[in-house]
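[1] sequence and predicted model, in that order:
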Amino acid sequence: MPLQDEARRRRPILLAGLAGAAAPLVLAGLEQAQWGPALLAAAAAGAAGWALSTRPAPGAPESPPPTAAAIDPLPYAAVVEAFEDPVMVVAAGAPGETAGHRLVFANLAARTLFRIQRQDARLITAIRNPQVVELVDEALIGRIAGHVAFAGGGAHDRTWTAAARPLAGADGRGRLALLVLRDQTDLRRAERMRADFLANASHELRTPLASLSGFIETLRGPARDDVDARDRFLGIMQTQAERMARLIDDLMSLSRIELNEHIAPQGRVDLAKAVTDVADAMTPVLRAKGVRVDWSRPAAAAVVEGDRDQIIQVIQNLVDNALKYSPRDGVIQVEVSAPTAGDSPPPRDAETAGLTLLAPDHRPGEFYALLRVSDSGPGMPRDALPRLTERFYRVEGQKSGDKSGTGLGLAIVKHIVNRHRGGVSVESAEGHGATFSVWLPLAATGQTAGLEAVVKAS
Amino acid sequence: MNEHIVRSYEDELNQLAAEVVRMGGLAEAQVNDSIQAFARRDVPMAQAMIGRDGKLDAMEAEIERAAIRMIALRQPMANDLRRTMAAMKIAMNLERCGDLAKNIGKRTLILAEAEPAGPVTRSIERMGKLVASRLKEVIDAYTASEVDRAVSVWSRDTEVDEHYESLFRELLTYMMGDPRTITAGAHLLFVAKNLERIGDHATNIAEIVHFEITGQEIVSERPKLDTLTP
């Protein structure tokens, strides 16, 4: 089949041509920077070589890893640009100046993660972890490949492995090194979650369990024939069993949320509508307790980026909490407003102390939707505020009513909001009730509206 | 690369700022390590971080020398003078953060021999994480020259104080509960105090960054938690 043979021979050439055409296209697509095309190709070849050498193809363990040249030339620029892992190429600075190393290439993942604004930025402005700086130094100066694990810090506390190796074949450009990061957060989280879950669960389940076995013992012994006592004890036992079930539910949902905390939610949720849904669902409970709720919503929709079930859970937990501490005939205020800037809202009352329990990583020009839930309960002393999101923490000397909670409600709120890149704050003082505020980043359309509002106001 | 080419003034200023950022990374790592070593009662980690403190001192001296050389040779004015001074002052604050972290490391060595303090340790760890994130934010603000980010660190200064106040009470209760815990309790109190002071240095750096960029001091009085009223 001569025709097919001819086609096969042509394919690499065609692909090479494609790659050549794709590289400048990709470069034009990069908004801020035009990284040198030759360098990009060098970076691409290096990165591909690295990827291939660290991940050998299954089924061919003995054969040497294929080199970049041995396979069809793909549009490497686009390949590296689309890599999910941050990939960077670093050029050495003047001798003895570690802070002088510069980034000659950074793919989309790296530029997004480190907010690299311009071409030729210094490496130190992107990563300043001393271990990584040293690693790159060794790759550049000592020509030694290596890797380290490091924590990224910030609200989401991600864990990374950084791998650096010297890059060859870039004559006239001084020394180059390739730096690739890999996200290890999932792995670490899963490890820690198991340990935390066991520690928390075993400790908190012991109390209701001890009470259950105590009653069982009594029922089998002294109270065997006492009908009244049996009924009463069985009632208590049921309450305790329900409490244990609630506790396990909450611990499980907390673990699930924590596991995904560093992965931003994908959906769109109208916060005002979610509040309406919670309001409908809670009407019977509220009526039973004789508590009135003022629901105030904005006229327009407040659409945030989020997971609907989790947002509902946040509202539900906050209103549940307010309800628990509200006196009979009390009033709970639930308020949604948008757009606001991403900071703790101003205090509602001069008498109260305010504290931010969770602050999102600062992103300039971001707009948020604000949810505030206020109750007219007894309030909390100032020194209780920092401990509110601690698991199982209870403010001393306060009763949360007959149906006591699990002590995990606010911890759940905090972790959900952190996943949504939002913030949580509280204000309270003894005798002044408590207000919890949650702010969540608006979806793209809301961001534009926020900008328009600011422009109009100025 | 070529040493014969005279480096531009601007480049020298950038290099100075980059050195400060590098020092910031080291100070941050020292603070993080001290908190982690404290929370895990990890003696080798504490010893390793104590040993690294000398590096911070050397970097501060280096930055100071570079800044003085810059002032002497280039006679920077206005904006450039502010950048030079900011580098020097931030390096000073970072060096202090390193000293405080080292002190936490030393107390960790002592505390590792006592009984674990349980929930109080977790409260201190939480405060430590808050302080570390404050330090990270402010160095990020310096790196990217973002005024509003620096102001946001500055205006939330009281949060660290609130944590310290709450911890103070928690520790008193802990020590009153069992007098045998007083020795450990006193060290824990100093660990908390050191963290609070690292938070203060972060606030100082925020003020320096604000002045460096705008040429003006942050005007309004910083909201300060009054710790001496009963």
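    All right, it came through fine.
[2] check contacts around the closest residue to chain A within chain B.
    For chain B and chain A, the shortest gap (CB to the nearest CB) falls at B:Gly25, measuring 2.9 Å. Quick note: C-beta positions are derived from backbone N, CA and C, even for glycine. Going by CB atoms under 8 Å, 6 or more residues apart in numbering or on different chains, B:Gly25 touches A:Ile124, A:Ile127, A:Arg128, A:Asn129, A:Pro130, A:Val133, B:Ile139.
[3] can you name the element that comes right after the helix or strand encompassing it?
    B:Gly25 is part of helix B:9-40 when elements are defined by DSSP states H and E. Sequence-wise, the next helix or strand downstream of helix B:9-40 (DSSP H and E) is helix B:43-51.
[4] now chain A against chain B: closest residue?
    Closest approach of chain A to chain B (CB to the nearest CB) occurs at A:Arg128, with a separation of 2.9 Å.
[5] my guess is that residue contacts B:Val21. True?
    Yes - A:Arg128 lies in contact with B:Val21 (CB atoms under 8 Å); the separation is 5.5 Å.
[6] so what sits against both of these two?
    In contact with both A:Arg128 and B:Val21: B:Ile139, B:Thr143, using CB under 8 Å, 6+ apart.
[7] which of those two has more neighbours?
    Neighbour count, other CB atoms under 10 Å in any protein chain shown: between A:Arg128 and B:Val21, A:Arg128 has more, with 25 against 20.
[8] residue contacts, that one?
    B:Val21, B:Arg22, B:Gly24, B:Gly25, B:Glu28, B:Ile139, B:Thr143 are the contacts of A:Arg128 under CB under 8 Å, 6+ apart.
[9] burial count for A:Thr445?
    With other CB under 10 Å as criterion, A:Thr445 counts 11.
[10] what parts of chain B come near chain A?
    By the rule CB under 8 Å from any CB of the partner chain, the part of chain B lying against chain A is B:1, B:3, B:14-15, B:18-19, B:21-22, B:24-26, B:28-29, B:32, B:122-123, B:126-127, B:132-133, B:136-137, B:139-141, B:143-144, B:146, B:148-149, B:152, B:156, B:159, B:162-163, B:165-167, B:169-170.
[11] taking those one by one, which sit in helices?
    Those of the residues of chain B next to chain A mapping onto helices are B:14-15, B:18-19, B:21-22, B:24-26, B:28-29, B:32, B:122-123, B:126-127, B:132-133, B:136-137, B:139-141, B:143-144, B:148-149, B:152, B:159, B:162-163, B:165-167, B:169-170, per DSSP state H.
[12] how close does the residue nearest the centre of chain A sit to A:Asp186?
    Nearest to the geometric centre of chain A sits A:His262, at 3.0 Å (CA atoms, centre = their mean). Per CB to CB, to the nearest Å, A:His262 is found 8 Å from A:Asp186.
[13] what's the host helix or strand of A:Leu254 packed up against?
    Using DSSP H and E, A:Leu254 maps to helix A:227-259. Under the contact criterion of 3 or more CB pairs under 8 Å, 6 or more residues apart in numbering or on different chains; DSSP states H and E, helix A:227-259 touches helix A:185-220, helix A:409-419.
[14] rounded mean pLDDT for that helix, please.
    When pLDDT is averaged over helix A:227-259, the result is 87.
[15] again with stretch A:123-131
    Mean pLDDT, stretch A:123-131: 90.
[16] what residues sit buried inside that stretch?
    A:Leu123, A:Ile124, A:Thr125, A:Ala126, A:Ile127, A:Arg128, A:Asn129, A:Pro130 (16 or more other CB atoms under 10 Å in any protein chain shown).
[17] before we move on, what about stretch A:276-292?
    Buried, per 16+ other CB under 10 Å, within stretch A:276-292: A:Val278, A:Ala279, A:Met282, A:Leu286, A:Lys289, A:Val291.
[18] next: stretch A:144-153.
    Neighbour counts over stretch A:144-153 (16+ other CB under 10 Å) mark A:Phe150, A:Ala151, A:Gly152, A:Gly153 as buried.
[19] dump that stretch to PDB, restricted to CA.
    The C-alpha atoms that make up stretch A:144-153 are tabulated as PDB, following Å, rounded to 0.1, in the frame of the first residue of the first chain:
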ATOM      1  CA  ILE A 144      22.100  18.300  41.000                       C
ATOM      2  CA  ALA A 145      18.500  17.200  40.600                       C
ATOM      3  CA  GLY A 146      16.400  16.700  43.700                       C
ATOM      4  CA  HIS A 147      13.000  17.200  45.300                       C
ATOM      5  CA  VAL A 148      11.500  18.500  48.600                       C
ATOM      6  CA  ALA A 149       8.000  18.500  50.100                       C
ATOM      7  CA  PHE A 150       6.800  21.900  51.300                       C
ATOM      8  CA  ALA A 151       3.600  23.600  52.600                       C
ATOM      9  CA  GLY A 152       2.100  26.400  50.600                       C
ATOM     10  CA  GLY A 153       0.500  28.300  53.600                       C
END
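[20] give me phi/psi at the nearest residue to B:Gly25 once chain neighbours are set aside?
    Once flanking residues are discounted, B:Gly25 sits nearest to A:Arg128: 2.9 Å by CB to CB, 6 or more residues apart in numbering or on different chains. Reported as degrees, to the nearest 10, the phi and psi values for A:Arg128 are phi -120, psi 10.
[21] equivalent analysis for the one 4 residues further on, please.
    For A:Val132, the backbone dihedrals are phi -70, psi -40 (criterion: degrees, to the nearest 10).
[22] what is the neighbour count of it?
    Count around A:Val132 with other CB under 10 Å applied: 21.
[23] quick check: it vs B:Lys136, distance?
    If you measure A:Val132 against B:Lys136 using CB to CB, the figure is 15 Å.
[24] check which helices and strands the helix or strand hosting B:Ile208 sits against.
    For B:Ile208, the host element (DSSP H and E) is helix B:182-214. Packing partners of helix B:182-214 (3+ CB pairs under 8 Å, 6+ apart): helix B:9-40, helix B:78-111, helix B:119-144, helix B:147-155, helix B:157-177.
[25] isn't there a strand covering A:Gly93?
    No - with DSSP: H, G, I helix; E, B strand; the rest coil as the criterion, A:Gly93 is assigned coil and is not in a strand.
[26] does it touch A:Val104 like I think?
    No - A:Gly93 is beyond contact range of A:Val104, at 11.7 Å (criterion: CB under 8 Å).
[27] worst mean pLDDT among the helices and strands packed on helix A:227-259?
    For these, mean pLDDT drops lowest on helix A:185-220, to a mean of 81.
[28] buried ones in that one?
    Applying 16+ other CB under 10 Å to helix A:185-220 flags A:Thr185, A:Arg189, A:Asp196, A:Asn200, A:Ala201, A:Glu204, A:Pro208, A:Ser211, A:Leu212, A:Phe215, A:Leu219 as buried.
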